[in-house]
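[1] please work out how this folds:
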Amino acid sequence: MKRFDIIVGDITKSDAEAIVNAANPTLLGGSGVDGAIHLAAGPELLAECRALHGCARGQAKLTRGYRLRAKYVLHTPGPIWQGGTHNEASVLASCYCSCLLLAAAHSIRTLDFPSISTGVYGYPLPQAATVALKAVMDFLADHNLPEQVRMVCHTEQTAQIYRQTWNLWYAGDKAHRL
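    This is a model prediction of the structure:
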């Protein structure tokens, strides 16, 4: 089993033990990935999220997956892009690290991420991919759990940017390219 991969797919149909929701700070649903996860999980997810009383940007909270195939959902509000001068990169890295730490604390073996903050929050995809992959790869180098992490990209174009970024920084040689 590869420890890390980049795939194209619908994160709401993920077979990972846990998926990450690119949430808003209220955790009460929204558009994009957030809305799709809430819709697929059913109203029970919204009820549990209400009881959590929101989540700060860069942090993460865990809920059950309800009607999803994933047993858990890790909710993390990412930064809104403001030109890169308002600490966006460190908040985005914190989103990934917070989710990975939470997953490890709950002995979650497989975890799927969407591309956090690159939708309505406007984070430029190439910069977001660099931040995300650095956070994930640094974490995996020092921790045994999760055993497998995937970036689940909604489009092939998004996956291509993540793959190019991974190949540039982590492939080492052609045999290890994604």
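
[2] quick one: the helices in the protein, in order.
    Shown for the chain, the helices assigned by DSSP state H span residues 32-41, 43-52, 88-105, 125-142, 156-170.

[3] adding mean neighbour count and distance to residue 19, write those helices out as TSV.
    Bear in mind the C-beta positions are built from the backbone N, C-alpha and C, glycine included. Output for those, formatted as TSV (neighbours: other C-beta atoms under 10 Å; distance: least, C-beta to C-beta, whole Å):
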stretch	mean neighbour count	distance to residue 19
helix 32-41	20	7
helix 43-52	15	12
helix 88-105	21	10
helix 125-142	18	15
helix 156-170	17	16
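
[4] mind telling me which residue is nearest the centre of this structure?
    When the chain is reduced to its mean C-alpha position, the closest residue under C-alpha atoms, centre = their mean turns out to be residue 113, at 2.9 Å.

[5] was I right to think that one contacts residue 99?
    Yes: counting by C-beta atoms under 8 Å, a contact exists between residue 113 and residue 99, whose distance comes to 7.1 Å.

[6] what do these two both touch?
    Taking C-beta atoms under 8 Å, 6 or more residues apart in numbering as the contact definition, residue 113 and residue 99 share the neighbouring residues residue 20.

[7] quick one: low-confidence ranges for this protein?
    1 (pLDDT under 70).

[8] again, only using 80
    1, 172-178 (pLDDT under 80).

[9] C-alpha coordinates for stretch 72-90, CSV please?
    As requested, C-alpha coordinates have been extracted for stretch 72-90 and formatted as CSV (Å, rounded to 0.1, in the frame of the first residue of the first chain):
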residue,chain,number,x,y,z
TYR,A,72,-15.6,9.8,10.3
VAL,A,73,-15.5,13.4,9.0
LEU,A,74,-12.8,15.8,10.1
HIS,A,75,-14.0,19.3,9.6
THR,A,76,-11.4,22.1,9.1
PRO,A,77,-12.1,25.7,8.1
GLY,A,78,-9.4,27.0,5.8
PRO,A,79,-8.2,30.5,5.2
ILE,A,80,-9.8,32.9,2.8
TRP,A,81,-7.2,34.0,0.2
GLN,A,82,-6.3,37.7,0.7
GLY,A,83,-3.3,37.9,-1.5
GLY,A,84,-1.0,35.8,0.6
THR,A,85,-0.1,38.6,3.1
HIS,A,86,-2.4,37.6,5.9
ASN,A,87,-0.8,34.4,7.2
GLU,A,88,-2.8,32.2,4.8
ALA,A,89,-0.1,29.6,4.2
SER,A,90,0.4,28.9,7.9
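
[10] quick check: phi and psi at residue 53.
    When quoted as degrees, to the nearest 10, the phi and psi of residue 53 stand at phi 60, psi 40.

[11] pull the number of nearby residues for it.
    Taking other C-beta atoms under 10 Å as the criterion, the count of residues near residue 53 is 9.
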